[in-house]
Structures are given as C-alpha cells and as structure tokens.
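Asks: Build me a structure from this.
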Amino acid sequence: MVDLKIEIGKKIKTMRMARGWTQADLCGDETELTIRQLARIENGQAMPTIPKLVYLAQQLDVNLQDLVDLATVELPKKYLALKNRLIRYHTYGDPDRIAQQEQIFDEIYDEFYDNLPEEEQLSVEILQVHANVFSSLDVGFGLSLLEEYFQQVLKKNVYSSNDLLIINVYFLCCAVGLEDKEYFEELSNRILLSIDYSDLNHLYLLERIIISILAQIDYRDYLPYIKTLREIIEESKNYQHKPSVYAFEAKYFLEIEGDKEKMIESYDKAILFAKMLNDDILVKKLELEKEKDLAT
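Replies: Reported below is the predicted structural model:
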C-alpha cells in the first residue's frame, strides 16, 4: 500500500506541475480537498479516497484510470463492518460497553489503520474523538479536531459522512461544555434542511445528530426535530433510536403541555421499545429518567 500511495502521489504532482499549477490552484476553495490533504497525497503520506480521486481527475481533466486502478483501493469488508459497528454503538457511559468499544478501535488500529485511505483514517480518528469526549465528558479531546476541520464543514451545503461525524462531535462538545457555541443554532437549522433520504448511512448519522440537538435545545423547539427524527426512522426502518423519540416526546408532554398521563404513556412506549431491542442498559436509563420526571 505504501508503494501505491507514493505512485499515485507522484502522478498527481507531475500532472499538476505540468500544468503550471500550484497546490492552491488545484484545491480551489478547499471545499472538496484542502491544500494540506493534497500535500500529504502528493508526498505519498496519504491514500486518497475514491471521491477525492474523482475530484482530482476532474480538476486535472484526465480519466480516473490514469490516476489509479480502482480495484487496488477497495476497503476491506471486515474494516467496514467494524467501522459501521462503531458508528452505531451506544455505550450510555457503561464501563463494559466502553471497554468493548475500545476493543473495536484496537482491532481497527492493529489490523487496518495504516493501510486505509486518509479519509478513512480521519473517520476512525473522528469516531475515537467522539468516544473520548463522551466517556470523559472533557471537551478538550475534541478541540484540535474542530479547530482543524470544522470551518471547512461550515462552508458546505452537502455533507459527506466525515462532515456529519464532525458535526456530531461539535454538538457533543456543545453538550459537554464547549464555550463557543456560535454555530449551534445555525447548524441545527441547516441539519433539518440537509436530509437525504436516499442515503441510509447518512440518515443514521443524522439521527445521532438530531438526538444530540434535542438533548440541548428548549422543550418548546422540540417538535420539528422530533417530526424529522420520526420521518427518518420510518424511511430507514432502523428502530434503534425509536425509544429516544418517545423519551423526548415524554419530556415535551411534561414540560410544555403539563400532561403527566401522556408523559407516562410515552415513557412506557420508550421502555417497551428498548426491551424489544434487548438493550437492558437503555431500559434502566429510561426507567430512571421516568422516575425523575414523575417526581417533579
């Protein structure tokens, strides 16, 4: 893989210089590719992902095959399965689940990380940052990531998977104690406008983000996010977050409508769905939340 990275990097650099272009010329506004990323690719330090190769081929006006044989950059199925498991993994702060999560990270780092394209390496790093912030409740674990990538994400109207993972880290950091929440409201509103129902992987990440937003906003602002979350779940047929929908509705019925009967009914539905998912930790978490709200 190292030889392949060097070979691709040399091709891109040679083609760029033959046109008399600087790295800034090739990267444009850096929405698709930053100068730093291009430098790492050209130096053979990073393997570009297929979307970045497509972008580079378009900018250089060459065929994709002139840059790389696509068969050589296919991602291992086992790695993709582990990554997907991390994306969908909820620890709820449970020590055993956190330990299991770290085992998944260890397996990825030991077996796959060094040979992954840079975008995939970044995916793993973002997921690790999110796990560190969540388990430690220390926003410091997320600051360097946000400083490097967040402004680039804000320039976009269409988000990649990594963009959504970074946005998820941002909202988590806001929940944990990020002082600068300048973009919270703007980004919360933009998320509602960026739902692509044709991409199931993106839908799941958007579910995670909306849940993070709901955990922080005023109860009076719940309804648009709950409505969108319900629509996503119905479209994706993924019911992992169904208990969360009912739990947020319970909060709305209690705090805005003052209706404890509806609150209890929604919590009971949330707990029932959590039991159907065989998630004992989530069941206990919801039962405790219900008891706390009943005591108010």
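Asks: check contacts around the residue sitting nearest the centre point of the chain.
Replies: Residue closest to the average C-alpha location in the chain (Cα atoms, centre = their mean): L165, at 1.9 Å. L165 makes contacts with I87, S123, I126, L127, H130, L205, as judged by Cβ atoms under 8 Å, 6 or more residues apart in numbering. C-betas here are computed from N, CA, C, even on glycine.
Asks: For the lowest-mean-pLDDT helix or strand in the chain, buried residues please.
Replies: Every helix and strand in the chain was compared by mean pLDDT, DSSP states H and E; the lowest is helix 2-18, with a mean of 85. Judged by neighbour count using 16 or more other Cβ atoms under 10 Å, the buried positions of helix 2-18 are K5, I8, G9, K11, I12, K13, M15, R16.
Asks: Same question for stretch 270-289.
Replies: For stretch 270-289, burial by neighbour count (16+ other Cβ under 10 Å) applies to A270, I271, F273, A274, D279, L282, V283, K285, L286, E289.
Asks: so what does the helix or strand that contains the last one touch, helix or strand wise?
Replies: Under the criterion DSSP states H and E, the helix or strand holding E289 is helix 280-294. In terms of contacts (3 or more Cβ pairs under 8 Å, 6 or more residues apart in numbering; DSSP states H and E), helix 280-294 is packed against helix 242-255, helix 260-276.
Asks: Of those, flag the one that's most buried.
Replies: With neighbours defined by mean count of other Cβ atoms under 10 Å, none of the helices and strands packed on helix 280-294 is more surrounded on average than helix 242-255, at a mean of 22.
Asks: Now do T14 against I6, distance only.
Replies: Distance, T14 to I6, by Cβ to Cβ, to the nearest Å: 12 Å.
Asks: can you check I210 too?
Replies: In this structure, I210 and I6 are separated by 42 Å, where distance is defined by Cβ to Cβ.
Asks: Show me how far stretch 229-244 is from its chain's centre.
Replies: 17 Å (Cα atoms, centre = their mean, to the nearest Å).
Asks: Start and end of that stretch, how far apart?
Replies: 10 Å (Cα to Cα, to the nearest Å).
Asks: So what touches it?
Replies: With Cβ under 8 Å, 6+ apart as the contact definition, stretch 229-244 has outside contacts at 88, 90, 195, 197, 200, 203-204, 206-208, 210-211, 214, 245, 248, 270-271, 273-274, 277, 279, 282, 286.
Asks: what secondary structure does the nearest residue to Y197 once chain neighbours are set aside sit in?
Replies: Distance criterion Cβ to Cβ, 6 or more residues apart in numbering; nearest residue to Y197, sequence neighbours excluded, is E235 at 5.0 Å. Taking DSSP: H, G, I helix; E, B strand; the rest coil as the rule, one finds E235 in the helix state.
Asks: Check E235 and give its pLDDT.
Replies: At E235, the model reports a pLDDT of 89.
Asks: That one and L229, how far apart?
Replies: 11 Å.
Asks: Over to D180?
Replies: Counting by Cβ to Cβ, the gap from D180 to L229 is 26 Å.
Asks: Repeat that for L214.
Replies: Here L214 is placed at a distance of 8 Å from L229 (Cβ to Cβ).
Asks: list residues touching both of the two?
Replies: Between them, L214 and L229 have S244, F248 as joint contacts when contacts are counted by Cβ under 8 Å, 6+ apart.
Asks: tell me the contacts of D196?
Replies: Applying Cβ under 8 Å, 6+ apart to D196 gives the contacts H202, L203.
Asks: Work out for me the element it sits within.
Replies: Using DSSP H and E, D196 falls outside every helix and strand.
Asks: Give me the distance between it and K52.
Replies: D196 is 20 Å from K52, where distance means Cβ to Cβ.
Asks: Comparing D180 and L229, which residue is more hemmed in?
Replies: When neighbours are counted by other Cβ atoms under 10 Å, L229 comes out ahead of the other of D180 and L229, with 22 against 10.
Asks: Please point out which parts of the helix or strand that one falls within sit buried.
Replies: In this structure, L229 sits in helix 222-236 according to DSSP H and E. Applying a neighbour-count criterion of 16+ other Cβ under 10 Å, the buried positions in helix 222-236 are Y222, Y225, I226, T228, L229, I232, I233, S236.
Asks: Tell me what angle that helix forms with helix 242-255.
Replies: 160 degrees (axes from the mean of the first three to the mean of the last three Cα atoms, to 10 degrees).
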